[in-house]
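K.L.:
coordinates only, sequence not included:
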């Protein structure tokens, strides 16, 4: 069935913005649900796209970045990732994020996934790229990334970390499992 042919069964009666900053906005909507009942629906609007990159060298190694994630109060390993303005080309953003976080510049790029990070409450759209034919240089971390660690490891080990539940970031899980399938790992 063609998804574009399916009509929206929700009716929006009104909406009120409850919170706004330079990264997100939160709106509460008064709605009629698909069964016709009245209710509320909260939506987090992201002002950036989510961008993820999996660099892979000729020997089958990749690079993860690790940092303390404030919202979870935990340190996490994940693929290099960040945000891009909604009007920016996702590939341009991926190139920037990879260089900023790892110092790596890649000559070959391939988009391997498009995703929605949590489509029941957000409108965030994400893109994940494979980066190959790598050159190494200096990183250019943002202020919020001052604690970032960079770890080179075999791609298979990163995939195994996903399977053991050691990597839980959604973009990393989706990207690494997609790439494992593409590469037959």
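P.N.:
Cool, the structure landed. Since this is a predicted model, take the numbers as computed values, not measurements. Numbers count the residues shown, from 1 in each chain.

K.L.:
hey, where'd the helices end up in this structure?
P.N.:
All helices of the chain, identified by DSSP state H, fall at 90-102, 155-163, 170-183.

K.L.:
just those helices: most buried one?
P.N.:
Neighbour counts (mean count of other C-beta atoms under 10 Å) averaged over each of these peak at helix 90-102, with a mean of 20. Quick note: C-beta positions are derived from backbone N, CA and C, even for glycine.

K.L.:
is residue 142 in contact with residue 100, as I believe?
P.N.:
Yes. Residue 142 is in contact with residue 100 according to C-beta atoms under 8 Å; the separation is 6.9 Å.

K.L.:
correct me, but residue 83 touches residue 24?
P.N.:
No. The pair residue 83 / residue 24 is not scored as a contact, 10.5 Å apart, by C-beta under 8 Å.

K.L.:
stretch 74-93 spans what distance, first to last residue?
P.N.:
One end of stretch 74-93 sits 26 Å from the other (C-alpha to C-alpha, to the nearest Å).

K.L.:
go through it and flag the buried ones.
P.N.:
76, 77, 78, 79, 80, 81, 82, 83, 84, 90, 91, 93 (16 or more other C-beta atoms under 10 Å).

K.L.:
what's near enough to touch residue 118?
P.N.:
Taking C-beta atoms under 8 Å, 6 or more residues apart in numbering as the contact definition, residue 118 lies against 124, 170.

K.L.:
can you pull up the bridge partners for residue 129?
P.N.:
Per DSSP bridges, the residues bridged to residue 129 are residue 53, residue 111.

K.L.:
please report how far it lies from residue 122.
P.N.:
Residue 129 is 21 Å from residue 122, where distance means C-beta to C-beta, to the nearest Å.

K.L.:
how about the helices of the chain, which one is nearest residue 12?
P.N.:
helix 170-183 (27.1 Å; C-beta to C-beta).

K.L.:
other residues contacting the closest one?
P.N.:
By C-beta under 8 Å, 6+ apart, helix 170-183 touches 50, 52, 54, 56, 64, 77-79, 81, 112-113, 115, 117-118, 126, 128, 130, 155-156, 158-159, 162, 167, 185.

K.L.:
go again with 6 Å.
P.N.:
The contact list for helix 170-183 (C-beta atoms under 6 Å, 6 or more residues apart in numbering) reads 52, 54, 78-79, 81, 112-113, 115, 117, 126, 128, 158-159, 162.

K.L.:
export the residues you listed to a markdown table and tack on distance to residue 18 and pLDDT?
P.N.:
Listed next are these as a markdown table, based on distance: C-beta to C-beta, whole Å; pLDDT from 0 to 100:
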| residue | distance to residue 18 | pLDDT |
| --- | --- | --- |
| 52 | 29 | 98 |
| 54 | 36 | 98 |
| 78 | 29 | 97 |
| 79 | 32 | 98 |
| 81 | 27 | 96 |
| 112 | 35 | 98 |
| 113 | 31 | 97 |
| 115 | 26 | 96 |
| 117 | 20 | 90 |
| 126 | 24 | 97 |
| 128 | 31 | 98 |
| 158 | 38 | 98 |
| 159 | 39 | 98 |
| 162 | 35 | 98 |
